[in-house]
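>>> Just need the structure, nothing else, for what follows:
(chains A and B)
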Amino acid sequence: MSEAAIDAREGITTESRSFGRQARDRFRRHRLAMVALVVLALLTLSFIVGPWLSPYAFSDQDFTALNQGPSLAHPFGTDPIGRDLMVRTFIGGRYSLRIALLIALLTTAIGTVIGAVSGYFGGVVGAVVDQLINLFLVVPALIILIVLAARYGSGPNAIAVVIALLSWPLIARIVRGSFLQSREQEFVLAARAAGASTVRIMFRHILPNVFGPIVVNATLLIGIAIILESTLGFLGLGVRPPVPTLGNLIAEAKGALQTKPSAALIPGGFIVAITLCANFIGDGLRDALDPTARRS
Amino acid sequence: MTAPLLEVEDLRVTFGTDDGDVRAVQGLSFTVSEGETLAVVGESGSGKTVAALAIMRLLPRYARIEGSIRFRGTSLLDLDDDGMRGLQGDDLAMVFQDPMTALNPVITVGDQIVEAIRTHRDVTEAAARDRAAELLDLVGIPEPRRRLDSYPHEFSGGMRQRAMIAMAISNDPKLLIADEPTTALDVTVQAQVMEVIRRVQEATGTAVMLVTHDLGLVAGTADRIQVMYGGRLFESGDTDTVFYGSRNPYTLGLMASIPSAVGRTAHRLEPIPGSPPSLINLPEGCVFGPRCAFATDACRSEPELRVVDAATGHATRCHRADELPALIAARAAPREAGA
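Okay, here's the model as predicted:
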């Protein structure tokens, strides 16, 4: 038996701890997830504070330093028109992260509501939503995104909304499954016997019980969203320049991959770091929120 | 006699399945009066829980429910969902079998009771909390105010069932349906929970419909007993009549299978042979016939429920009800002689 399991068991018998508290304690013992959380926090902090501390603005051009590699004055180097890549990377990270969070939030919200409705009601509603989910899952999201981006242009928010509208089935399927399972539980019957309304049963009684998988998948979505946004940026279909995102930065650097790989590798490294952190945190949350871990 | 609180008439519940129709309840009629305790006793599959859920309108939508259920004159089967919700948890409340799963694990006990109150009463959060603490105190949970903030997993099984009862009675129901409220609990805790139900009844004057498979459990609690088998009512009467003057082989079988706590049981406990009938393929004639020690050719036709004593309302469903006391005496005599 793992140390966490022993502690979790003792938590039940010895001390009064809520589920949230137990989950937090279990998460804290998940070393990789804690490291990932700290790294992600530091990254976020640098994205917020970095540009503010930098002597350059992200669109300032320094014609004395064009297309340079890393140096003391420009730690990440400069681009072909003399803009400081460090401040551009931080600002890019800011946009990318903001878009990714927005995507995760919107996707989770849409997916949760649709999944909850179809899972709770089942029957015809459930079957229709189920087919809709299957349909959306086979639609090649990237191609649709390319078409939509070309048609409607691309502010950061517009991109996020479009991606969310295409990726909600990922969450909806999970929530639907959880609701199907939970609606058969006796506490749902008890809530009905107490006269609770359907909406109340769905969102106050069942939703908190399936919170674990939702949070985990929302976290994992951040990783997916960062990559998706970067892919669009790289293809030149993401957020329009001059606004930098991590994907845009790599796209801008692709002309000089041979001579100055750092310009692509640095934002690429940030993408990898954020994605990894999101996945590790997701794993930690999965373990912490797993109801079976409490009883094993 | 005043009009009964609950009148069930010719209730039929059928579930369509791939293997055929499951006739869970077949022509069940009974009443519950204000303030009385009615015990509904039967094995698994006798239809007792389905009947209880039908009254609460908690059966799944694919269940076909026929007949009539009138609660204080209102036909429950004709109410729309909103109208029914107004009664559920208010005048009509229910306690479930397994307190481990019937309380929501992620909401504090206090919040669950507060919610039950505020669903039906327009009171402030603080007032509802005060009331919740009173209720926990009434059902015998120590330090009720502190316990409001506990989660269900911090309660023992018995405490959870007490909390369930507190929640069910939070709006002073007129009828409390308790579906096997003690089955999931230890024997010692069972007695405590029955005591709580009795105390609650005294405090609130609610009628109780106690659904159980344990005839012994209801002896001290129930005013009337109603025995069900195969979706049918087999015998009903006041508690003493059913215990000491049963006119039904199935009821007698149930009683023969209760161990006695007084002295040593002189002879082996007698199980009822066989198992309850499939509700898809019910036996021809008397549904208990294949398991009955007294079955004769007459039992190939289904007996009607008939009143054997109009004064007490004692009714039974058995062709041989009148001969039964003599038959029992004849069977018991050789055993006593041998012992």
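>>> Now do the contacts for the spatially most central residue of chain B.
Nearest residue to the geometric centre of chain B (C-alpha atoms, centre = their mean): B:Val211, 1.3 Å. By C-beta atoms under 8 Å, 6 or more residues apart in numbering or on different chains, the residues touching B:Val211 are B:Ala39, B:Val40, B:Lys48, B:Thr49, B:Ala51, B:Ala52, B:Ile177, B:Ala178, B:Asp179, B:Glu180. Placement of C-beta: from N, CA and C, glycine included.
>>> run the last query once more with 10 Å
Each residue near B:Val211 by C-beta atoms under 10 Å, 6 or more residues apart in numbering or on different chains is listed here: B:38-42, B:46, B:48-49, B:51-53, B:94-95, B:97, B:177-181, B:183, B:218, B:226, B:228.
>>> ok, of those, which come out buried?
B:38-42, B:46, B:48-49, B:51-53, B:94-95, B:97, B:177-181, B:218, B:226, B:228 (16 or more other C-beta atoms under 10 Å in any protein chain shown).
>>> Does at least one residue of stretch B:50-63 sit close to chain A?
Yes. Judged by C-beta under 10 Å from any C-beta of the partner chain, stretch B:50-63 comes into contact with chain A through B:Leu53, B:Met56, B:Arg57, B:Leu58, B:Pro60, B:Arg61, B:Tyr62.
>>> Might you list the low-confidence residue ranges for chain A?
Low-confidence segments of chain A, defined by pLDDT under 70: A:1-19, A:153-154, A:290-296.
>>> can you do 50?
For chain A, the stretches flagged by pLDDT under 50 are A:1-16, A:295-296.
>>> Which helix runs longest in it?
Secondary structure of chain A per DSSP state H: the longest helix is helix A:85-121.
>>> Show me what that one is packed against.
helix A:31-53, helix A:123-138, helix A:156-182, helix A:198-200, helix A:211-234, helix A:246-253, helix A:262-289 (3 or more C-beta pairs under 10 Å, 6 or more residues apart in numbering or on different chains; DSSP states H and E).
>>> Please identify the buried residues of it?
A:85-108, A:110-120.
>>> And the helices in chain B, which stretches?
Under DSSP H, chain B gives helices at B:48-56, B:81-87, B:99-102, B:109-120, B:125-138, B:144-147, B:157-168, B:187-204, B:215-218, B:239-245, B:249-256, B:324-338.
>>> how about the CA coordinates for the first one, as CSV?
Coordinates of the C-alpha atoms in helix B:48-56 are reproduced here as CSV (Å, rounded to 0.1, in the frame of the first residue of the first chain):
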residue,chain,number,x,y,z
LYS,B,48,-42.8,-3.7,-1.4
THR,B,49,-40.1,-1.3,-2.4
VAL,B,50,-41.6,-0.7,-5.9
ALA,B,51,-44.9,0.1,-4.2
ALA,B,52,-43.1,2.6,-1.9
LEU,B,53,-41.3,4.2,-4.9
ALA,B,54,-44.5,4.4,-6.8
ILE,B,55,-46.1,6.4,-4.0
MET,B,56,-43.2,8.8,-4.0
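>>> just the residues of stretch B:50-63 next to chain A now: which is nearest B:Glu9?
B:Arg57 (16.0 Å; C-beta to C-beta).
>>> show me what contacts the closest one?
With C-beta under 10 Å, 6+ apart, B:Arg57 has these contacts: A:192-193, B:65, B:69, B:76-77, B:79, B:81, B:83-85, B:87-88, B:92.
>>> ok, so what distance separates it from B:Thr74?
12 Å (C-beta to C-beta, to the nearest Å).
>>> what is in contact with these two at once?
Contacts common to B:Arg57 and B:Thr74, judged by C-beta under 10 Å, 6+ apart, are B:Gly83, B:Met84, B:Leu87.
>>> got the contact list for the first one?
Applying C-beta under 10 Å, 6+ apart, we find B:Gly83 in contact with B:Arg57, B:Thr74, B:Leu76.
>>> contacting residues for the residue nearest to the spatial centre of chain A?
In chain A, the centroid-proximal residue (C-alpha atoms, centre = their mean) is A:Ile222; its distance is 1.2 Å. By C-beta under 10 Å, 6+ apart, the contact list for A:Ile222 reads A:40, A:97, A:100-101, A:103-105, A:274-275, A:277-279, A:281-282.
>>> Same question for B:Val307.
B:Val307 neighbours (C-beta under 10 Å, 6+ apart): B:Ser236, B:Gly237, B:Gly313, B:His314, B:Ala315, B:Thr316.
>>> hmm, which two among these are most spread apart?
Among the contacts of B:Val307, B:Gly313 and B:Thr316 lie farthest apart (C-beta to C-beta), at 11.3 Å.
>>> anything in contact with each of these two?
Both B:Gly313 and B:Thr316 are contacted by B:Ser236, B:Gly237, B:Val307, under the criterion C-beta under 10 Å, 6+ apart.
>>> Show me the beta-bridge partners of the last one.
Partner residues in beta bridges with B:Val307: B:Ala315, with DSSP bridges as the criterion.
>>> Any figure for the gap between it and B:Ala326?
In terms of C-beta to C-beta, B:Val307 sits 20 Å off from B:Ala326.
>>> Tell me the one of the contacts of B:Val307 nearest chain A?
Chain A lies nearest to B:Ser236 out of the contacts of B:Val307, by C-beta to the nearest C-beta, at 25.1 Å.
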